[in-house]
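K.L.:
Could you work out the structure for the sequence below:
(one chain, ligands or ions: 1)
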Amino acid sequence: MAERTIVIIKPDGVKRGESVVRQIKQRYLEAGMRIIQEIDLQLDRHQIREFYKEHEGRSFFEDLVSAMTIGPCLVLVIEGEEAVEKVRAINGATDPAKAAPGTIRYDFRDAESGGPRNIVHGSNSSIAASREFLILVE
Ligand code: CMP
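P.N.:
The predicted structure is shown next:
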């Protein structure tokens, strides 16, 4: 069934320039999914606290809020068959050091990657994607 999911190319990713952003988007397109909306956003701390509410109180939370608000990010609304799971597989494990080669988080890791500093976020369900879209965009 076709479904929608949200990817955020995080500020650390956007900062690396057009070529990296284009290569990341290409991974999703090559897997047969469509990018139906692209939104450049400067997120504020309040939005990100709400977005990552489930992680509030964790040791990495404040670093995560800072990393997500340090500059503009690019939100992608992606649609396709099993898009949530496909995007999660393409993104790879949360920690870039544990992600498999060939995944975005591994292939585009840098010296600062790890902890909260992975390069992309992907929704973990289509319900989460709807909630995330509302927080980011409305
Ligand atoms: P993301 O997919 O955006 O969803 C939650 C984010 O919190 C995650 O990517 C990481 O950036 C960060 N994160 C999640 N778990 C951990 C952890 N155990 N240690 C450090 N950062 C984490």
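K.L.:
for residue 40, phi and psi?
P.N.:
Backbone torsions for residue 40, taken as degrees, to the nearest 10, come to phi -80, psi 130.
K.L.:
Over to residue 83?
P.N.:
In terms of degrees, to the nearest 10, the main-chain angles of residue 83 are phi -60, psi -40.
K.L.:
Spit out the contact partners of it.
P.N.:
Taking Cβ atoms under 8 Å, 6 or more residues apart in numbering as the contact definition, residue 83 lies against 2-5, 33. Where you see a C-beta, it was placed from the backbone N, CA and C, and this is true even at glycine.
K.L.:
redo that, cut-off 10 Å
P.N.:
Residues near residue 83 by Cβ atoms under 10 Å, 6 or more residues apart in numbering: 1-7, 28, 31-34, 77, 122-123, 126, 129.
K.L.:
Check the gap between it and residue 135 for me.
P.N.:
19 Å (Cβ to Cβ, to the nearest Å).
K.L.:
and the closest residue in space to residue 27 that isn't next to it in sequence, how many residues sit next to it?
P.N.:
Spatial nearest neighbour of residue 27, excluding adjacent residues (Cβ to Cβ, 6 or more residues apart in numbering): residue 90 at 5.2 Å. For residue 90, the count of nearby residues is 21 (other Cβ atoms under 10 Å).
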